[in-house]
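In: Got a predicted model here, sequence first, then my questions.
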Amino acid sequence: MNHGWLRSAWGIAFLVVILYDAPAQAATPPPDRDSTWATVTTISMVAGAGTQLLMPRVFYSDPEVTVGWKARWHVSVLAPVMTLTALTALNEFALKPAFQGQRPGCDDTNQGLTHCTDYGMMSTHTFAAFSALGNGTGIFIVDTLKWSGGRVSVAELAGDVIAPVLFGTVTAIGRGAGNWESGGQIVVGGLAGLGTGFLTGMTYALMQRPECGYTGGVICW
């Protein structure tokens, strides 16, 4: 008598029982996030970028023209600002989904649920805030060494370096304190933004003289 079919039936029944009794892996509860810190860090990120959009180029005028400090705002500053804005958007909408670095408290069981609907690597907020710092630092260094003969403008130091440092610090601390990104995600985003911003700002300042040529206007077209 062939009992092969009987053994197969018992095997299938045994497998069904095991699968039925195996407890399903429970989803990790969605993590808590601080909405206040989310608002604060968004404001500080935008404010940091705003320093680079609104800050004029401050330089020590050529003695052959008019001796003294001058300030000029260039429409061309839109070039580095828009470049950094585009890179920030690239990180948010392309790189983060590609890296798939999960936010704190998120794992495979709760990804897609509340506060885990997207990823945190690299931190877009710190990338944007520190790219503003890098951009301002690059411009300040070039303006000081190349266009001002080594003379330091306290106004440009405050607007292009000190203010972005403060906004960047608030952004980095807030993203961690609010549990929006991990320390590694914050640091990587900040370093990437700082380096990218510095290269952008330095290149822009080398190519664009701070004065307005013969017009002498405050706004350079």
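Out: All right, it came through fine. Numbers count the residues shown, from 1 in each chain.
In: which residues sit against the longest strand along the chain?
Out: Taking DSSP state E as the criterion, the chain has its longest strand at strand 68-74. Strand 68-74 has contacts (C-beta atoms under 8 Å, 6 or more residues apart in numbering) with 54, 56-61, 153, 155, 208, 210-212, 217-220. For every residue, glycine as well, the C-beta is placed using N, CA and C.
In: same check, this time on stretch 37-47
Out: Contacts of stretch 37-47 (C-beta under 8 Å, 6+ apart): 125, 128-129, 167-168, 170-171, 174-175, 177-178, 180.
In: list the buried ones in it?
Out: 37-38, 40-41, 44-47 (16 or more other C-beta atoms under 10 Å).
In: burial of Q208, as a residue count?
Out: 17 (other C-beta atoms under 10 Å).
In: ah, wrong one, I meant G195
Out: Around G195 there are 13 residues (other C-beta under 10 Å).
In: so what's it up against?
Out: With C-beta under 8 Å, 6+ apart, G195 has these contacts: G134.
In: any idea how far it lies from S61?
Out: 32 Å (C-beta to C-beta, to the nearest Å).
In: next one: the strand or helix carrying I139 to chain centre, how far?
Out: I139 belongs to helix 124-142 when assigned by DSSP states H and E. Averaging C-alpha positions (C-alpha atoms, centre = their mean, to the nearest Å) puts helix 124-142 10 Å from its chain's average.
In: do stretch 208-219 as well
Out: On C-alpha atoms, centre = their mean, the centre of stretch 208-219 falls 31 Å from the chain's centre.
In: Give the buried residues for it.
Out: For stretch 208-219, by 16+ other C-beta under 10 Å, it's 208-212.
In: same thing with stretch 146-157?
Out: Buried residues in stretch 146-157 (16+ other C-beta under 10 Å): 147-148, 153, 156-157.
In: tell me the contacts of the residue nearest the centre of the chain?
Out: Centroid-nearest residue in the chain: F127, 1.7 Å away (criterion: C-alpha atoms, centre = their mean). F127 is in contact with 87-88, 91, 189-190, 192-193, 196, counting by C-beta under 8 Å, 6+ apart.
In: go on, S61?
Out: Counted by C-beta under 8 Å, 6+ apart, S61 has contacts 67-70, 211.
In: try it again with 6 Å
Out: 68, 70 (C-beta atoms under 6 Å, 6 or more residues apart in numbering).
In: next SSE after the least confident helix or strand in the chain by mean pLDDT?
Out: None of the helices or strands of the chain scores lower by mean pLDDT, DSSP states H and E than helix 4-21, at a mean of 54. Toward the C-terminus, helix 4-21 is succeeded by helix 35-54 as the next helix or strand (DSSP H and E).
In: distance between that next one and the chain's centre?
Out: With C-alpha atoms, centre = their mean, you get 11 Å for helix 35-54.
In: Grab the CA positions of it and hand them over as PDB.
Out: Taking Å, rounded to 0.1, in the frame of the first residue of the first chain, the C-alpha atoms of helix 35-54 are listed here in PDB:
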ATOM      1  CA  SER A  35       6.600  69.400  16.600                       C
ATOM      2  CA  THR A  36       7.900  72.600  18.300                       C
ATOM      3  CA  TRP A  37      11.500  71.700  17.400                       C
ATOM      4  CA  ALA A  38      10.400  70.900  13.900                       C
ATOM      5  CA  THR A  39       9.000  74.400  13.500                       C
ATOM      6  CA  VAL A  40      12.100  76.000  15.200                       C
ATOM      7  CA  THR A  41      14.600  74.200  13.000                       C
ATOM      8  CA  THR A  42      12.700  75.000   9.800                       C
ATOM      9  CA  ILE A  43      12.700  78.700  10.800                       C
ATOM     10  CA  SER A  44      16.500  78.600  11.600                       C
ATOM     11  CA  MET A  45      17.200  76.700   8.400                       C
ATOM     12  CA  VAL A  46      15.400  79.300   6.300                       C
ATOM     13  CA  ALA A  47      17.000  82.200   8.300                       C
ATOM     14  CA  GLY A  48      20.400  80.800   7.600                       C
ATOM     15  CA  ALA A  49      19.700  80.700   3.900                       C
ATOM     16  CA  GLY A  50      18.300  84.200   4.100                       C
ATOM     17  CA  THR A  51      21.600  85.600   5.400                       C
ATOM     18  CA  GLN A  52      23.200  84.500   2.100                       C
ATOM     19  CA  LEU A  53      20.400  85.900   0.000                       C
ATOM     20  CA  LEU A  54      20.200  89.300   1.700                       C
END
